[in-house]
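Q: Following is a predicted model, sequence given first.
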Amino acid sequence: MRNEDAVFVVYLHVENIGKTSVAIFGNSFAHRALYAVVEAFGQRAKEIRLLANIGCPPFIGSTYTFNAIMECGPFLNASVELIEEMKPDITFIIFRSFFPLDSPIIDLSKDDQFNNIQYTIDRISAVTKRIVIEYPLPINKEKWFTHNFFSIFTNRPHYK
């Protein structure tokens with residue numbers, strides 16, 4: 001990997017006897033999907049690589065604002081570079097969108113988030129045969145977390 005500053009919170013490389021190479025790129029939702037993808041491909045996969053970072057949308061230039069200390073740039077750049085070197089047959093882009101990625105589009109030609117998405121997909125589509133984008137159903141933005149997650153995040157139990 002060329003980008004020495006990149007931090008991969010989750011990086012997994014699975015090798016098998018098949019002929020298909022698969023990249024899974026995204027945030028924590030990509031990590032959740034790993035085992036389903038491994039099971040779906042079974043012996044047909046030659047390799048499966050997971051590139052996932054909690055709190056980082058899988059689009060170069062995009063970041064979630066709920067975690068200001070998370071530096072996504074090095075991870076995103078290194079992940080796309082790794083996908084370009086790998087040249088996978090299939091790339092799964094799996095994520096759940098939060099602000100500003102899901103903000104309303106006023107002018108499509110000037111929308112930073114749309115341009116970040118398009119730029120990243122253009123780079124990946126140049127080296128992969130298929131891209132599958134998995135975007136989960138909408139959620140309640142006022143309460144996108146579970147009580148258990150909140151208690152871990154705030155270091156306070158949610159029960160009384």
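A: Yes, it's here. None of these values were measured; they are calculated from a predicted model.

Q: hey, where'd the helices end up in this structure?
A: 28-41, 73-86, 112-125, 147-154 (DSSP state H).

Q: helices or strands up against the third one?
A: Okay, so that is helix 112-125. Counting contacts by 3 or more CB pairs under 8 Å, 6 or more residues apart in numbering; DSSP states H and E, helix 112-125 is packed against helix 73-86, strand 90-94, strand 130-134. C-beta coordinates here come from the backbone N, C-alpha and C atoms, glycine included.

Q: which of these sits most buried?
A: Across those, averaging neighbours per residue (mean count of other CB atoms under 10 Å) puts strand 90-94 on top, at a mean of 23.

Q: re the thing from before, out of the helices of the chain, which comes closest to E134?
A: Closest approach to E134 among the helices of the chain (CB to CB): helix 28-41, 6.9 Å.

Q: got the contact list for that closest one?
A: Contacts to helix 28-41, defined as CB atoms under 8 Å, 6 or more residues apart in numbering, come from residues 10, 12, 14, 16, 18, 20, 22, 24, 26, 45, 48, 50-52, 54-55, 58, 92-96, 134, 136.

Q: ok, 10 Å please
A: The contact list for helix 28-41 (CB atoms under 10 Å, 6 or more residues apart in numbering) reads 9-10, 12, 14, 16, 18, 20-24, 26, 45, 48-56, 58, 90, 92-97, 132, 134-136.

Q: From the residues you listed, keep the buried residues only.
A: In these, burial by neighbour count holds for 10, 21-24, 26, 45, 48-53, 55-56, 58, 90, 92-97, counting by 16 or more other CB atoms under 10 Å.

Q: how about low-confidence regions in the protein?
A: Where the chain drops to pLDDT under 70, the residues are 1-14, 64-69, 98-102, 136-160.

Q: can I get the helices and strands packed on helix 112-125 in TSV with distance to K110?
A: Formatted as TSV, the helices and strands packed on helix 112-125 follow (distance: least, CB to CB, whole Å):
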stretch	distance to K110
helix 73-86	21
strand 90-94	23
strand 130-134	23
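
Q: Which of the ones you listed sits closest to D112?
A: helix 73-86 (14.2 Å).

Q: sorry, back to before: how about the helices of the chain in JSON lines, adding distance to I105?
A: Converted to JSON lines, the helices of the chain look like this (distance: least, CB to CB, whole Å):
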{"stretch": "helix 28-41", "distance to I105": "22"}
{"stretch": "helix 73-86", "distance to I105": "21"}
{"stretch": "helix 112-125", "distance to I105": "6"}
{"stretch": "helix 147-154", "distance to I105": "29"}
